[in-house]
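*Asks:* Just a sequence and a predicted model for now, questions to come.
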Amino acid sequence: MIQFQYRLSVPCTLNEEMNANMRQNGWASVLIRWYNQAKRDLPWRRTRDPYAVWISEIMLQQTRVEAVIAYYRRFLHAFPTVRALADAPEQAVLKAWEGLGYYSRARNLHQAAKIVSGSLSGLFPASYAELRKLPGIGDYTAGAIASIAFGEAVPAIDGNVKRVASRLFGIRENVNRPAVIREIRDTLTGAIPEGKASEFNQALMELGATVCIPRAPRCEACPLRLLCDAYAAGDAEALPMTEPKKPPRTVDVAVCLMTFQHTILLFKRKERLLHNLYVFGLSEELTDPQSALDYWAERGLSLRFLADLGGARHVFTHRIWEMRILHFELLKDPDSAFLREHDALLADSAQLKALPLPTAMKAAKQAALTILESD
Ligand code: SF4
């Protein structure tokens, strides 16, 4: 059993009023009061509609708030209800997600929308336990939706909240250990003031995002500093403790722009990484023009090398693509059997703009559009 150290009785002269308030009402009430004064005005904070809360929470995973705002508005405009999302073709959903990355999030959203709209008759699950059953909804997202949209007294523990908790409670061990997460969960659950789960969770997230930030936390502006273990110990920047991550593997990739008259060959990815998104011809580890020519010849395409258009780099969570963008001319129209077998198509510039391509293809797409539009 992990025992968190509370410093509720820290003698402190920094702010006697705050200190007295903390003793009287508990730290959660102080945190919520701070949140109500300091919170940023974000579009998803103006609604309790579970569908909108869900979309915002999925988008906010691994993406900055500033980047999410425009996507959130556009997505809800394109798919205003869970039924509209369920009825949309997957390519339209991926297109609306284009640039946000981590496309499995969009695919899971789509799958979950189909379940809500189909077997759940359009009724959004209204509890943590039921939400957890939907694809793409993990502990954090279920906690966030259940508390924000339905007021359920469950915590929502993401990386921000783990950081705040580790500092506040002085947890000096790996915060990703299941036993530690369980203990944080129990402690936070016990701290949620009655009827205030939504504000409590959002306040913790806001504190982690704006004050208790990873480097150089702004402790002087923190409403909880009087009871913060790490503040008292002076080691906030060393927390949270985590296992060192494995560095991502670097892979060389040739991005082959294969043009035929005013079109370019695109492939729908079958691999898990970037699944169902459109990419140009990719050959891993074969980045010189002759190796790429041989690679595509083995697959039935006869090409003529035209130009090396330079390099590009994309960092995924576990992988880095070091790309070489090569331009080839297709010497003959690929036949329909080839296109069918490889889930490929010849796209003109308008189609290229309309189809969902991952951010990893951004530089290559720009080069392709320049080629297609200059012909
Ligand atoms: Fe984080 Fe500093 Fe506040 Fe502690 S006092 S919770 S370290 S910002």
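*Replies:* The structure has been received and is ready for your questions. Residues are numbered from 1 along each chain as shown.
*Asks:* give me the number of residues near whatever residue of the stretch 251-375 of the chain ends up closest to the ligand?
*Replies:* Using C-beta to the nearest ligand atom, the closest approach of the stretch 251-375 of the chain to the ligand is made by T317 at 26.2 Å. The way it works is simple: take the backbone N, C-alpha and C, and place the C-beta from them, glycine included. Neighbour count of T317, defined by other C-beta atoms under 10 Å: 10.
*Asks:* Quick check, it in contact with P248.
*Replies:* Yes. T317 is within contact range of P248, at 6.9 Å (criterion: C-beta atoms under 8 Å).
*Asks:* does the residue of the stretch 251-375 of the chain closest to the ligand count as helix, strand or coil?
*Replies:* Per DSSP: H, G, I helix; E, B strand; the rest coil, the local secondary structure of T317 is coil.
*Asks:* ok, now which ones touch it?
*Replies:* By C-beta atoms under 8 Å, 6 or more residues apart in numbering, the residues touching T317 are P248.
*Asks:* From A96, how far out is it?
*Replies:* Distance from T317 to A96, counting by C-beta to C-beta, to the nearest Å: 22 Å.
*Asks:* And R185, by the same measure?
*Replies:* Distance of R185 to A96, given as C-beta to C-beta: 33 Å.
*Asks:* hang on, H314 in a strand?
*Replies:* Yes. Under three-state DSSP, H314 sits within a strand.
*Asks:* Could I get the full set of strands for the stretch 201-350 of the chain?
*Replies:* 249-260, 263-268, 278-279, 281-284, 303-315, 319-330, 344-347 (DSSP state E, counting those that start in this stretch).
*Asks:* Could I get the phi/psi values of the residue of the stretch 251-375 of the chain closest to the ligand?
*Replies:* phi -60, psi -50 (degrees, to the nearest 10).
*Asks:* returning to that earlier point: A232: which of the strands of the stretch 201-350 of the chain is closest?
*Replies:* Closest approach to A232 among those is made by strand 303-315 (37.4 Å; C-beta to C-beta).
*Asks:* residues of that closest one that come out buried?
*Replies:* Within strand 303-315, the residues that count as buried by 16 or more other C-beta atoms under 10 Å are 303, 309, 312, 314.
*Asks:* Show me the two of the residues you listed that sit farthest apart.
*Replies:* The largest separation in those, counting by C-beta to C-beta, is between L303 and H314 at 23.9 Å.
*Asks:* quick one: secondary structure of the residue in the stretch 51-200 of the chain positioned nearest to the ligand?
*Replies:* Closest contact between the stretch 51-200 of the chain and the ligand, by C-beta to the nearest ligand atom, is at R167 (3.8 Å). Under three-state DSSP, R167 falls in the helix class.
*Asks:* from here on, count from 840
*Replies:* Yes, from this point I'll number from 840; that puts the last item at R1006.
*Asks:* Quick check: nearest residue in space to it, chain neighbours excluded?
*Replies:* Nearest residue to R1006 in three dimensions, chain neighbours excluded: A1069, at 3.7 Å (C-beta to C-beta, 6 or more residues apart in numbering).
*Asks:* For that neighbour, the count of nearby residues, please.
*Replies:* Count around A1069 with other C-beta under 10 Å applied: 25.
*Asks:* Might one say that it is in contact with G1009?
*Replies:* Yes. A1069 is within contact range of G1009, at 6.2 Å (criterion: C-beta under 8 Å).
*Asks:* List, one by one, the residues from this protein near the ligand.
*Replies:* When proximity is defined by C-beta under 6 Å from any ligand atom, the chain lies next to the ligand at 1003, 1006-1007, 1050-1051, 1056, 1058, 1061, 1063-1064, 1067, 1069-1070, 1075.
*Asks:* hmm, try it at 5 Å
*Replies:* Residues of the chain lying close to the ligand by C-beta under 5 Å from any ligand atom are 1006-1007, 1050-1051, 1056, 1058, 1061, 1063-1064, 1067, 1069-1070, 1075.
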